[in-house]
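Asker: this one's structure only:
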């Protein structure tokens, strides 16, 4: 509802409008609320929520896919792709690993998985922290002196101690808005949502096609009784974008690089992309992990263009077909900030070809 789906929720929280750049213009799209406890998803066994983790999420998602294909067998045999963003840098490669492992051991793959497409992925605990802080320094949010203090005391590894934590503390979650000011870490250049004393919300600025207050409208819409009834959700369940599952989270690898490397070497199409204005899972962090893959470059870093002759971002391809792209002018939620550019990149991924390297515009 906020990104790549066919509809946007209007400010009244009751009505919808079309998203002209929805990804289902070019593919059938299933949205899976996962793990159990997120959104309308649930478990009949309350103790399951204490077992949530990467492994459980991957297995549950795989079981869901098997059952879904049994219920809708007309989709069996069609090319299948998995996409996601943020912590889906774990979810998507791990689900793909289950599918590919089953394929290797049984010779069967009811999903016909062809590739994965992950945006602004969370891939490595230490690299993400280093990339986030370096991003803030590179973009003028952090002083030279503060960055020098951080690099002096932090190696961004398991050996870091109290002195490193103290150096980073001005930009930790508790102090971020005091130090950086009222900016959105998901897009440091985007307007933010202001909530007035009477409860109304409004944007602090104007960005064409983007409403920073939409995360107020979506819960209001999904929690309408008639909406729950129409989509066959439990009427007594409250919808929310997140669930408090992370306190007991299980089986979270420090780095997803070994998993991605294995998937690339199995021949799976693997594309990562980053909006270049995000500080939560910034492009700097993703580039560190891409370097750790240690793959040979086959098509060097270059701009890619949209049909409107805009530079949509930059892209590079590696041996085995692994591809890394940036989306210019986008934050963490790429289809929210740059819907046209995200659709062009997604379409290119589905076709297995890089987006155009030249502009049709002639001066």
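Answerer: Looks like it arrived, so ask away. Just so you know, these numbers come straight off a predicted model, no measurement behind them. Numbers count the residues shown, from 1 in each chain.

Asker: How far away from the center of its chain is stretch 108-117?
Answerer: 20 Å (C-alpha atoms, centre = their mean, to the nearest Å).

Asker: where does this protein dip in pLDDT?
Answerer: 245-247, 360-363 (pLDDT under 70).

Asker: ok, and what's touching stretch 34-46?
Answerer: With contacts defined as C-beta atoms under 8 Å, 6 or more residues apart in numbering, stretch 34-46 is touched by 33, 48-49, 52, 56-57, 60-61, 64, 91, 222, 228, 231, 233-234, 237, 239-243, 245. (Glycine included, C-beta is placed from N, CA and C.)

Asker: Next up, the contacts around the residue nearest the centre of the chain.
Answerer: Closest to where the C-alpha atoms of the chain average out (C-alpha atoms, centre = their mean) is residue 85, at 1.3 Å. For residue 85, the residues meeting the contact criterion (C-beta under 8 Å, 6+ apart) are 118, 119, 120, 121, 332, 333, 334.

Asker: Also residue 7?
Answerer: 1, 16, 17, 18, 19, 22.

Asker: just to revisit the earlier point, what pairs with the residue nearest to the centre of the chain across the strands?
Answerer: Here residue 85 shows beta-bridge partners residue 119, assigned using DSSP bridges.

Asker: follow-up on the earlier one: pull out the buried members of the contacts of stretch 34-46.
Answerer: Taking 16 or more other C-beta atoms under 10 Å as the criterion, what is buried in those is 49, 52, 56-57, 60-61, 91, 222, 228, 233, 239, 243, 245.

Asker: Which of the contacts of stretch 34-46 fall in helices?
Answerer: Of these, the ones assigned to helices by DSSP state H are 56, 57, 60, 61, 64, 91, 222, 228.

Asker: could those residues be laid out in JSON lines, adding distance to residue 291?
Answerer: Formatted as JSON lines, the ones in helices among the contacts of stretch 34-46 follow (distance: C-beta to C-beta, whole Å):
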{"residue": "56", "distance to residue 291": "31"}
{"residue": "57", "distance to residue 291": "27"}
{"residue": "60", "distance to residue 291": "32"}
{"residue": "61", "distance to residue 291": "29"}
{"residue": "64", "distance to residue 291": "34"}
{"residue": "91", "distance to residue 291": "23"}
{"residue": "222", "distance to residue 291": "40"}
{"residue": "228", "distance to residue 291": "46"}
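
Asker: Between those residues, which sits nearest residue 213?
Answerer: Among the ones in helices among the contacts of stretch 34-46, residue 222 lies closest to residue 213 (C-beta to C-beta), at 15.7 Å.

Asker: isn't that closest one right up against residue 241?
Answerer: No - taking contacts as C-beta atoms under 8 Å, residue 222 lies outside contact range of residue 241: 9.3 Å.

Asker: sorry, back to before: tell me the one among the ones in helices among the contacts of stretch 34-46 nearest to residue 284.
Answerer: Out of the ones in helices among the contacts of stretch 34-46, the member with the shortest distance to residue 284 (by C-beta to C-beta) is residue 91, at 22.0 Å.

Asker: In this structure, mark out all the strands, start to finish.
Answerer: Applying DSSP state E to the chain gives strands spanning 7-9, 16-18, 80-85, 113-119, 193-195, 201-203, 269-275, 297-305, 311-318, 323-327.

Asker: Please tabulate the ones you listed in TSV, including the columns distance to residue 158.
Answerer: Below are these laid out as TSV (distance: least, C-beta to C-beta, whole Å):
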stretch	distance to residue 158
strand 7-9	43
strand 16-18	47
strand 80-85	27
strand 113-119	25
strand 193-195	37
strand 201-203	41
strand 269-275	25
strand 297-305	30
strand 311-318	28
strand 323-327	26
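
Asker: Quick one: closest of those to residue 290.
Answerer: Comparing the strands of the chain by C-beta to C-beta, strand 323-327 comes nearest, at 5.1 Å.

Asker: helices or strands next to the closest one in the packing?
Answerer: strand 269-275, helix 283-293, strand 311-318, helix 339-351 (3 or more C-beta pairs under 8 Å, 6 or more residues apart in numbering; DSSP states H and E).

Asker: what about residue 202, how many neighbours?
Answerer: Neighbours of residue 202 under the rule other C-beta atoms under 10 Å: 13.

Asker: wait, doesn't it sit right on residue 196?
Answerer: Yes - counting by C-beta under 8 Å, residue 202 does reach residue 196; the two are 7.1 Å apart.

Asker: which residues do those two both contact?
Answerer: With C-beta under 8 Å, 6+ apart, residue 202 and residue 196 have no common neighbours.

Asker: list the contacts for the residue nearest to residue 24 when sequence neighbours are not counted?
Answerer: Spatial nearest neighbour of residue 24, excluding adjacent residues (C-beta to C-beta, 6 or more residues apart in numbering): residue 6 at 5.5 Å. Contact analysis of residue 6 by C-beta under 8 Å, 6+ apart lists 18, 19, 22, 24.
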